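**Q** Give me a 3D structure for the following:
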Amino acid sequence: MERTLVPPVVATRRSGRAHYYPDVTDAQWADWKWQFRHRLTKLEELEKFLPIPAAERALRADVLRDFRMGITPYYLSLVDADDPADPILRQVAPIAEEYLFRDVGEEDPLGEERYSPVPGITHRYPDRVLMVISNSCAIYCRYCTRKRIMYEDAVPDVEIDRMVEYIAKTPRVRDVIVSGGDPLTYGTKKLESILSKLRAIPHLEIIRIGSRVPVSLPQRIDDELCEMLAKYHPLWINVHFNHPRELTPDAAAACDKLSRAGIPLNNQSVLLKGVNDDVPTMRALCTGLMKMRVRPYYLYQCDQIRGAEHFRTPVSKGIEVIEGLRGHISGLAVPTFVIDAPGGGGKVPVMPQYLLQHDTKNQRVVLRNFQDRLFVYHEPSGRARPIGERSGELEVPAVASPIVESAAPAANAPAPTAVERANGAAPAKASSGTSNGKTNGNGKSNGRSRAADQRVGADGKPVVGKSRWVHRGHSREERVRKANET
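**A** Numbers count the residues shown, from 1 in each chain. Next comes the predicted model:
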């Protein structure tokens, strides 16, 4: 007997398939290829369903010169047509703020191309690599950290082969994240040809796929795909739900099929202003994911990507959200809040302060729990402690010292403590001397200014979303030629 995985989504006054696509048949709606072909990619197509303020139309149209739009009929059906600030629509439709902030941020904020030994590969961590095999998505998120590559054609097979070859020649790589774009927008046979090549590499242990298809195009998760994926275990999939209204019965059914194929599912959300930057929304998202057997994994601080400044929140907001979850829902449902350090520093966990004091001399720590109560915990000492020194709750809250003691002083000046560094104190180490903070990976300036990195159109305005991947070129022919030369 089938059971309902999540409660049905309550329709708003004007939303759902019946409102947006009343004449579409069940067979068409269930066909992922029909959904993909009928994505809204132009402003005039979106205007048929939702009004666009006349004063903003030209600005929104200009945004689409720089970064494409794609909205599946399914994902549009989740939008409340009566809410101009709808959190679902806000993630995928160009708005005036994106135009206003089109030159704020970076093309490649995470330095993926700086750590790219082969076009499409990012090798930042010792034992794992990112493999970008697609420039295509079912929907195009306005805050995407890879806007720069979403204008190109399909990645040629010869480039994919070079990526696989790099992994095969690098024995320390035991884990690969297959991403894009969205790998699951490929046909099943095409995707299998890539996975089979990866699984043939003896030292590659884990394959992970990053996909938003279960959120934006759940019809794609069919039996044929799941049967194919099940042949390449151990395989994991990281999905990307941002809002509880995305947790529909269709999305739940897609995740259930993947789970039944033996694929563990983790969710990676991005903290987005006006979408999910409050505790009730994030609590509903995380607990809803758990009902779907999807583990909340990461909550990302929004990257400093060009054109997405209106989505970014203070770091304190993410800490506030995590603190509102910790202790109030299951620990399994609480994601790790991380900042992907600019320029390629990797993911840095940022958590509320629960360890308030670490007294190494007296071998004790002072802890704060989710109720703001203080507790003393004694570290092992090999001796019995008097009653007055035993671990337990502090009845009278005490002023605690910082967690981390300052580092050993330098020859001429003391190094700033962790607290001082967080408050903006300059580190003792000299900077690289570059104005934009970009280096070639050896602490040396790459010799380029911010202005030199910008691309401009014929009208002199900055153009967003153009890849600088060193060897790729900007036509399919050029990229195939250069890949064959390497």
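
**Q** Would you map the helices across the stretch 301-450 of the chain?
**A** Taking DSSP state H, counting those that start in this stretch to define them, one finds helices in the stretch 301-450 of the chain at 315-325, 418-422, 450-453.

**Q** Now the weakest link among the ones you listed, please, by mean pLDDT.
**A** Of all the helices of the stretch 301-450 of the chain, the minimum mean pLDDT falls on helix 418-422 (a mean of 37).

**Q** pull the CA atoms of stretch 264-274 into CSV?
**A** What follows is stretch 264-274, C-alpha atoms only, in CSV (Å, rounded to 0.1, in the frame of the first residue of the first chain):
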residue,chain,number,x,y,z
PRO,A,264,21.6,8.5,-0.5
LEU,A,265,20.3,12.0,-0.9
ASN,A,266,21.8,15.1,0.8
ASN,A,267,20.4,18.6,0.4
GLN,A,268,22.4,21.8,-0.2
SER,A,269,20.5,25.0,0.3
VAL,A,270,21.6,28.6,-0.2
LEU,A,271,20.6,31.2,2.3
LEU,A,272,18.8,33.8,0.2
LYS,A,273,17.3,37.1,1.3
GLY,A,274,13.5,37.1,0.7
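
**Q** Now do it: everything it contacts.
**A** Contact with stretch 264-274 is made by 85, 87, 90-91, 143, 210, 236-242, 255, 258-259, 276-277, 282, 285, 289, 293-302, 310-313, 317-318, 321, 335, 337, as judged by Cβ atoms under 8 Å, 6 or more residues apart in numbering. The way it works is simple: take the backbone N, C-alpha and C, and place the C-beta from them, glycine included.

**Q** So for it, mean pLDDT?
**A** Rounded mean pLDDT across stretch 264-274 is 98.

**Q** Mind listing what's buried along that stretch?
**A** 265-274 (16 or more other Cβ atoms under 10 Å).

**Q** and what of stretch 325-333?
**A** 325, 329, 333.

**Q** ok, the buried residues of stretch 264-274 vs Ser381, which is closest?
**A** Checking those against Ser381 with Cβ to Cβ, the nearest one is Asn266 at 39.4 Å.

**Q** Now the closest one: which helix or strand?
**A** Counting by DSSP states H and E, the element that carries Asn266 is strand 265-271.

**Q** after that strand comes which helix or strand?
**A** helix 279-291.

**Q** That next one: how far from the chain's middle?
**A** Here the centre of helix 279-291 is set off from its chain's centre by 17 Å, with Cα atoms, centre = their mean, to the nearest Å.

**Q** got the angle for it vs strand 265-271?
**A** 170 degrees (axes from the mean of the first three to the mean of the last three Cα atoms, to 10 degrees).

**Q** Give me the contact list for helix 279-291.
**A** 5-6, 87, 241-244, 247, 252, 267, 269, 275-276, 295-296, 299, 320-321, 324-325, 328-330, 332-335.

**Q** Confirm Glu44 sits in a helix?
**A** Yes - under DSSP: H, G, I helix; E, B strand; the rest coil, Glu44 falls within a helix.

**Q** how far away is it from Ser136?
**A** 22 Å (Cβ to Cβ, to the nearest Å).
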